[in-house]
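J.: next come a sequence and a model predicted from it.
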Amino acid sequence: MKWLMFAVALLFLVGCSQSENNATPEQVKRQIENGDNALAIVNAKALLQKGVDDQNAAAVIQARVLLANAYYSQGHYAQSTSQYNWILDKVSSPANQDGFDWYKVVVSYIESYAYPELQLLLEHEQAPFTLSEAFVLRIANKLADNNGALFDVVSELRRVRCNECHPLIQAIYLGQLSSFGLLSDELWQNQSTELATRINDYQYVAMALGRHYQNTKQYAQAKDYLVQYTSARPEDLHAKLVLASVELALGNDEQATALTNALLTQTQKAPMVLQLQGVLAFKRGDMLEAAAASQTSISLGLESVLNLIIAGLSNSQLGNMELGANYLGRIKNELPVDHPLMVIVTNITETIGNNGTLDSASAIELALSESSRISSQRLQRADASNNAELAQVAGAQGTSSRFERIGEALSNGDIDTVKQELVSWEQEEGRTVDWLNTAAIVAINDGDIAGSQALLNEAKQLDPNNIPSLMQDIQQAQQEQKWLQVIAITEPMLMERSISIPSVIVAWLEAHIRRRSLPLEQVEHLNTLMGDEFERIFVGHLLRLNEVNTLGEYLYNIIGEANWHSGHFNAALLLNQNVGRVQEVSRLTKAFVDSGKAITPTDLMLALSISEKMGDINAVVGLLDYADTNNIAIEGKAYFQATVYLAQQKWEEAKQALLSENLNTPKYYNMLARAHYELDEVEPTRNALISSLNLRPNLITLDRLFELEQNQAEPDLEQFADAVTNTIEFIPYANDVRLRISQWVLLVKPELSAALLESPSMTQLVNADPVLLNNLAWAQLQANELEKATATIKKALALAPEDPSFLDTQASIEEKLREGS
């Protein structure tokens, strides 16, 4: 209740400060340029509302551009993408709008994973991108999704040299070349410097070199450049993700955790951030968090080797051996048989079957250290495999020893040997379908796209159902967005021939989804034909696309039927979590149990986690009772019990339950702080809040710490000031912190405000910020320290001579001096 009243007071202050805002578009533009993004967003929204009220279309468009740019500068790419979408959809000539920047649009789309919009952007008649650049953007799409469909990446990289590309596109291209080890340090440095000159952005060199040294495992050098870049560009969340990965590689887990926790909020839980969260949680032994993070990341489309290892091992450690083995088994689809990780994975799966001891440390260490090598090896063998489809081609007919030799040569990148084999093969058997398919692989490797297409067309003449030829047709139809044609090709492959190639299934699904024509009766038929594999891809893909209506209709037709199983229950839980249906999670759980099904430990943990996050305490109580009744061990049971105690205001019980867990997450420390606070235990409350801030710097927790200190007779201002400066250092919206400090100054007595702003930890921050100097001068004025106030306001005016509010403060000080004299 105490915290609720404090929050209301803050909201009142924020409302008052914003309601008096009459900023002009030029002022908002300057605020963005000066980094005052939070204020710019408020003002841009006000301008937008005024434009709507006045029915002024030009003003609405101008406000939308400003709002998009403010969100972009703050690193809120999902919001900037939404605004840019509106502009591109409604404005005939967006490039003519003041402040509109194609570069920012593309970055927003990439950083917010808006790849369908990115593809549509390439078709915009005013977009300054060429057809060759479109291929490079498709590469960014495929690699970011990390779905294993890397067959055409090599050929496109070799085909598109992109020397005259837009600078942003060339940046993506150079980054991918570096990722695959195709650029030396010197060449990368020269090219990135040249690119920085073209875009007039020398900070880009630091980012580019940081990425390059990360890709080449020179982590200390990478960190130096990335720290330099993120210091200059704190709004670049992607760079912070890269830095967190580098810190992890260097063994700096605390720094990596702090960055990752901040990114989880700022990126709305992007798949790459969740993967990193899973690794860090696993390393510190939090199997519950590791499993939840990695599984959510996988469900969002990031089925990487590292994610699969974390999901497999953490589930196994939690006692869900079958699910753990399933995740680990899927790794075998991603790696060559001789990869070092394969030996460990095989041993682990065998150990799981025998209930033995897991060699988890070795697997994680290898997965982290070998990540670049895995990507490189996957590219080397991509021509031979193309996921499942080209693997089927390479050995379908003919002499097995020949195909073994060709397969081995392709996996080793030995194209010359393959070419020699093709010569003798053609002499012996002629241009068979298998020969043409293999020759097409070689042509792609040589960058001869037209040649590979001609070979596959020739193979199609011999066999109309030749899978690689059909895959080429599917890809072409997708590029041209001819969704009916995609359906016409894929549907017979699935319905008549039962070809369970993941990329074919996904192409069929996406085409129907684009046309809003997904036939659920055909889905049921394919389930019957192909079994669990089809349903897993179908459900997972709809979850990743957040196609909640289609997935909901499918699942709710199954719920309660005899064939309803744990996979449906799991997907339904995730679906309802995504759409925020709190009570539905409870209803589903009850329905599942009532139908005679047993909830697996993993699904029980998922249901508990969702219910706890959504605040459905009754569901948490019911699930805990179910676990007790069925003797299911729950990792972190006391934590969930503590959430119940907190809701029941049983502060002592909640505290004891939390102390018995001794977790290391921001939410845990916030819950512990709440219990201590309500028990009037000041020092433990302070320690818990500071521990939370160290893991995830944020304004809400900082508010709670401030409330604690302002109510003390002897507040620990120095420690609070340290917390403020640390928060500003780690979060990208530092101006929000400065605004919050201004609000705090109004909430407390002047002596306390002045003492806070004059503390040693705040000195550097205050002296560099005219707003904070003005706050300090006002506090000193109210405390009747007129000499100090005069000196302070002079510093503020030296930094911002014309600011009206600073001049008002100076006038008030001078008036007080005259009264005193």
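T.: Arrived safely, thanks for sending. In this text, all values refer to a predicted model and were calculated from it rather than measured experimentally.

J.: got the end-to-end distance for stretch 764-771?
T.: 13 Å (Cα to Cα, to the nearest Å).

J.: when you give positions from now on, start the count at 56
T.: Renumbered: residue one is now 56, and that last one reads stretch 819-826.

J.: and it, which residues are buried?
T.: Across stretch 819-826, burial judged by 16 or more other Cβ atoms under 10 Å covers 820, 821, 824, 825, 826. (Each C-beta comes from the backbone N, C-alpha and C, glycine too.)

J.: restricted to strands, list these.
T.: For the buried residues of stretch 819-826, not one is inside strands, with DSSP state E as the criterion.

J.: lowest-confidence one in the residues you listed?
T.: Among those, residue 820 has the lowest pLDDT, at 73.

J.: which of the buried residues of stretch 819-826 lies closest to residue 809?
T.: residue 821 (10.9 Å; Cβ to Cβ).

J.: which residues touch the closest one?
T.: Residues near residue 821 by Cβ atoms under 8 Å, 6 or more residues apart in numbering: 812, 813, 827, 828, 831.

J.: which non-adjacent residue is nearest it?
T.: Excluding the flanking residues, the one nearest residue 821 by Cβ to Cβ, 6 or more residues apart in numbering is residue 827, at 4.5 Å.

J.: does that neighbour touch residue 818 like I think?
T.: No. Applying Cβ atoms under 8 Å, one finds residue 827 not in contact with residue 818, separated by 10.5 Å.

J.: more neighbours: these two, which one.
T.: It is residue 827, of residue 827 and residue 818, that has more neighbours when counted by other Cβ atoms under 10 Å, with 20 against 13.

J.: state the distance from the more buried one to residue 854.
T.: Distance, residue 827 to residue 854, using Cβ to Cβ, to the nearest Å: 10 Å.

J.: need the pLDDT of residue 536.
T.: pLDDT, residue 536: 79.

J.: no wait, residue 744
T.: Note for residue 744: predicted pLDDT of 91.

J.: same question, the one 5 residues further on
T.: Reported pLDDT at residue 749 in the predicted model: 80.

J.: which elements pack onto the helix or strand hosting it?
T.: Residue 749 belongs to helix 737-750 when assigned by DSSP states H and E. Helix 737-750 sits against helix 308-321, helix 721-733, helix 754-765, helix 772-785, with contacts defined as 3 or more Cβ pairs under 8 Å, 6 or more residues apart in numbering; DSSP states H and E.

J.: kindly reformat those as a markdown table containing mean neighbour count and distance to residue 561.
T.: Listed next are these as a markdown table, based on neighbours: other Cβ atoms under 10 Å; distance: least, Cβ to Cβ, whole Å:
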| stretch | mean neighbour count | distance to residue 561 |
| --- | --- | --- |
| helix 308-321 | 21 | 27 |
| helix 721-733 | 22 | 35 |
| helix 754-765 | 21 | 40 |
| helix 772-785 | 19 | 38 |
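
J.: need these in a markdown table with distance to residue 161 and mean pLDDT, can you?
T.: Below are those laid out as a markdown table (distance: least, Cβ to Cβ, whole Å; pLDDT from 0 to 100):
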| stretch | distance to residue 161 | mean pLDDT |
| --- | --- | --- |
| helix 308-321 | 20 | 84 |
| helix 721-733 | 33 | 88 |
| helix 754-765 | 30 | 78 |
| helix 772-785 | 27 | 71 |
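
J.: can you put the ones you listed in CSV and add distance to residue 868?
T.: Shown next, in CSV, are the helices and strands packed on helix 737-750 (distance: least, Cβ to Cβ, whole Å):
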stretch, distance to residue 868
helix 308-321, 39
helix 721-733, 38
helix 754-765, 25
helix 772-785, 24
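
J.: just the buried residues of the helix or strand containing residue 475, please?
T.: Per DSSP H and E: residue 475 is located in helix 470-484. Neighbour-count burial for helix 470-484 flags 473, 476, 477, 480 (criterion: 16+ other Cβ under 10 Å).

J.: widest-spaced pair of the residues you listed?
T.: Taking Cβ to Cβ as the measure, the buried residues of helix 470-484 have their most distant pair in 473 and 480, spaced 10.0 Å apart.

J.: so what sits against both of those two?
T.: Here residue 473 and residue 480 have residue 493 as joint contacts, going by Cβ under 8 Å, 6+ apart.

J.: who's in contact with residue 491?
T.: Counted by Cβ under 8 Å, 6+ apart, residue 491 has contacts 510, 511, 513, 514, 517.

J.: one more pass at 7 Å, please.
T.: 510, 513, 514 (Cβ atoms under 7 Å, 6 or more residues apart in numbering).

J.: distance to residue 521 added to these, as TSV?
T.: Converted to TSV, the contacts of residue 491 look like this (distance: Cβ to Cβ, whole Å):
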residue	distance to residue 521
510	11
513	10
514	5
